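Engineer: Got a predicted structure here, sequence first:
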Amino acid sequence: EAGVAQSPRYKIIEKRQSVAFWCNPISGHATLYWYQQILGQGPKLLIQFQNNGVVDDSQLPKDRFSAERLKGVDSTLKIQPAKLEDSAVYLCASSLDPAGGTQYFGPGTRLLVL
Amino acid sequence: SQKIEQNSEALNIQEGKTATLTCNYTNYSPAYLQWYRQDPGRGPVFLLLIRENEKEKRKERLKVTFDTTLKQSLFHITASQPADSATYLCALAVGSSNTGKLIFGQGTTLQVKP
């Protein structure tokens, strides 16, 4: 089966610009997660969707970050405006069963903010 | 405060030996704990899940223990191989039982030398 797809793989922007990341989860997976992974740290959950509803966005900086999952399949994560500290890898993951289920991660988008 | 701590320094071992990685946590009551492997430039890959009522779980050369009294999980790789070299992340399932929200440790880098 195809894995979680993400694009772009790399992005370089200047601070105060905007950027968007796209994720296509594994077919049939109702739960989708966006994580931020800063170099040397573990992934930090930004937002979790169950179908097209938000389950948890408690750690999403809502003044600059937004995410949507229209039709309960693909998802986009946007940062506007970007700050230097947003430089990180943004990982998308999906799972079939959120309660104790394996999370399958995509390759991530590496963002560098200059 | 809530913390998850993994060995911050890289673990270097000789091929054939057993690698033991530690995950300690405070002020969490996880329903289960997962271990993931992450290679450079790639997303984490699920390895094992152990629930709070389980003491030990095995999968091929991998073994995980979970001590909820000590608030510690140990991850063992027996007969280690250079191909086992990677960063290993522990993740605690927190929040309500059906959300699957994971909090990740910072990871431990394992280097297996031939």
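Structural biologist: Yes, it's here.

Engineer: do stretch A:30-39 and chain B meet at all?
Structural biologist: Yes: legend: contact between stretch A:30-39 and chain B by CB under 8 Å from any CB of the partner chain is shown at residue A:31. Glycine gets a C-beta too; all of them are placed from N, C-alpha and C.

Engineer: Distance from that stretch to the middle of the chain?
Structural biologist: Remark: stretch A:30-39 is offset 5 Å from the chain centroid, using CA atoms, centre = their mean, to the nearest Å.

Engineer: With stretch B:56-75 instead?
Structural biologist: The answer for stretch B:56-75 is 8 Å, by CA atoms, centre = their mean.

Engineer: Buried ones in it, by neighbour count?
Structural biologist: By neighbour count on 16 or more other CB atoms under 10 Å in any protein chain shown, the buried set for stretch B:56-75 is B:57, B:62-66, B:71-75.

Engineer: Extract the CA atoms of that stretch and return them as PDB.
Structural biologist: C-alpha atoms of stretch B:56-75 as PDB (Å, rounded to 0.1, in the frame of the first residue of the first chain):
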ATOM      1  CA  GLU B  56       7.200  -6.900  28.400                       C
ATOM      2  CA  LYS B  57       6.800  -7.200  24.600                       C
ATOM      3  CA  ARG B  58       9.000  -8.900  22.100                       C
ATOM      4  CA  LYS B  59       9.300  -8.700  18.300                       C
ATOM      5  CA  GLU B  60      12.200 -10.600  16.700                       C
ATOM      6  CA  ARG B  61      15.400  -9.000  18.100                       C
ATOM      7  CA  LEU B  62      13.500  -6.300  19.900                       C
ATOM      8  CA  LYS B  63      12.200  -6.300  23.400                       C
ATOM      9  CA  VAL B  64      10.400  -3.500  25.300                       C
ATOM     10  CA  THR B  65       9.700  -3.400  29.000                       C
ATOM     11  CA  PHE B  66       7.300  -1.000  30.800                       C
ATOM     12  CA  ASP B  67       7.400  -0.300  34.500                       C
ATOM     13  CA  THR B  68       4.600   2.100  35.400                       C
ATOM     14  CA  THR B  69       5.900   2.200  39.000                       C
ATOM     15  CA  LEU B  70       9.300   3.400  38.000                       C
ATOM     16  CA  LYS B  71       7.800   5.400  35.100                       C
ATOM     17  CA  GLN B  72      10.300   3.800  32.800                       C
ATOM     18  CA  SER B  73      10.500   1.900  29.600                       C
ATOM     19  CA  LEU B  74      13.600   0.000  28.400                       C
ATOM     20  CA  PHE B  75      14.100  -0.800  24.700                       C
END
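
Engineer: what is the mean pLDDT for it?
Structural biologist: Regarding stretch B:56-75, the rounded mean pLDDT is 96.

Engineer: Can you tell me what sits against that stretch?
Structural biologist: Residues from elsewhere that reach stretch B:56-75 (CB atoms under 8 Å, 6 or more residues apart in numbering or on different chains): B:20-26, B:28-29, B:33, B:35, B:47-52, B:54-55, B:76-80, B:88, B:90.
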